[in-house]
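Student: structure for the following, please:
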Amino acid sequence: MATACGSVAVILALAGCSPQDEPGEPETSETTTEATPTETETETTEAPTPTETETPPTVEEQHVAEAEQTVRDYHRRADEVGAEGFATWTDKLYMYWGSPEISNAMGAAFQSSADDSKRTQGSTAIPSMSLIEYIPDPSGAGYEQIRLQYCADYSELSTLDSGGMPIARTTPSRFTWEVLMQHQQTGNWTINEAKALVEQSC
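Tutor: Modelled structure (predicted):
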């Protein structure tokens, strides 16, 4: 190492600089050279500071994160369906709906837009989301429920008619949704209830 090699070099240099008797010259005096003590530096290896181990998320925290991600994925897919003219809703959105009520209501709305040759451009933003209630499944069968509220921002999303002209909004560009998410035994989450709180701005 650099410090140890430097100390050895200093010691060797001092040894090489000691005076030598030249042949044929009488000894006039005996000189003694005192070696200058050299300080050898010892490397101290500091013990690594123990890093704090991250606490793994609880089952509830993991479920909430999954449910929230499902909501975001749903809106992203809904924007894709709208941009494609709404006709692909059965392939891309049906699996997100977990009750007959939500499937019938949402399916009818998307099919109506497809029949009218509407389409959308832009995307929906979700700037905030909060947990309202976590409902464990007392049977232990894995059917937990989570109630969420989130802000949906449609200001960058436009709906166009069959001729490509923008359709005037009938609702605010930002308002709150409240949804009940249902955990399924397959591990995915579905939207079982959805309420548009149009009067609640966000």
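
Student: ramachandran coordinates for Lys118?
Tutor: phi -80, psi 160 (degrees, to the nearest 10).

Student: where is the longest helix in the protein?
Tutor: Criterion DSSP state H: the longest helix present in the chain is helix 59-83.

Student: residues contacting it, please?
Tutor: 57, 88-89, 92-93, 96, 110, 113, 118-124, 126, 129, 131, 134, 144, 146, 148, 150, 152, 157, 159, 179, 181, 183, 188-191 (Cβ atoms under 8 Å, 6 or more residues apart in numbering). Where C-beta positions appear, they are placed from N, C-alpha and C, glycine not excepted.

Student: going through those residues, which ones are buried?
Tutor: 88-89, 93, 96, 110, 113, 118-120, 123-124, 126, 129, 144, 146, 148, 150, 152, 157, 159, 179, 181, 183, 189-191 (16 or more other Cβ atoms under 10 Å).

Student: sitting in helices, which of the residues you listed do you find?
Tutor: Counting by DSSP H, the buried ones among the contacts of helix 59-83 contribute Trp89, Phe110, Ser113 to helices.

Student: quick one: the strands in this structure?
Tutor: 119-122, 125-135, 145-153, 157-160, 174-183, 189-197 (DSSP state E).

Student: relative to strand 174-183, how tilted is the last one?
Tutor: In this structure, strand 189-197 runs at an angle of 150 degrees to strand 174-183, with axes from the mean of the first three to the mean of the last three Cα atoms, to 10 degrees as the basis.

Student: next: the longest one.
Tutor: Here strand 125-135 runs at 40 degrees with respect to strand 174-183, directions being taken by the same axes, to 10 degrees.

Student: just use 48 as the starting number from now, easier for me
Tutor: Happy to do that; since the first residue is 48 now, the last one works out to strand 172-182.
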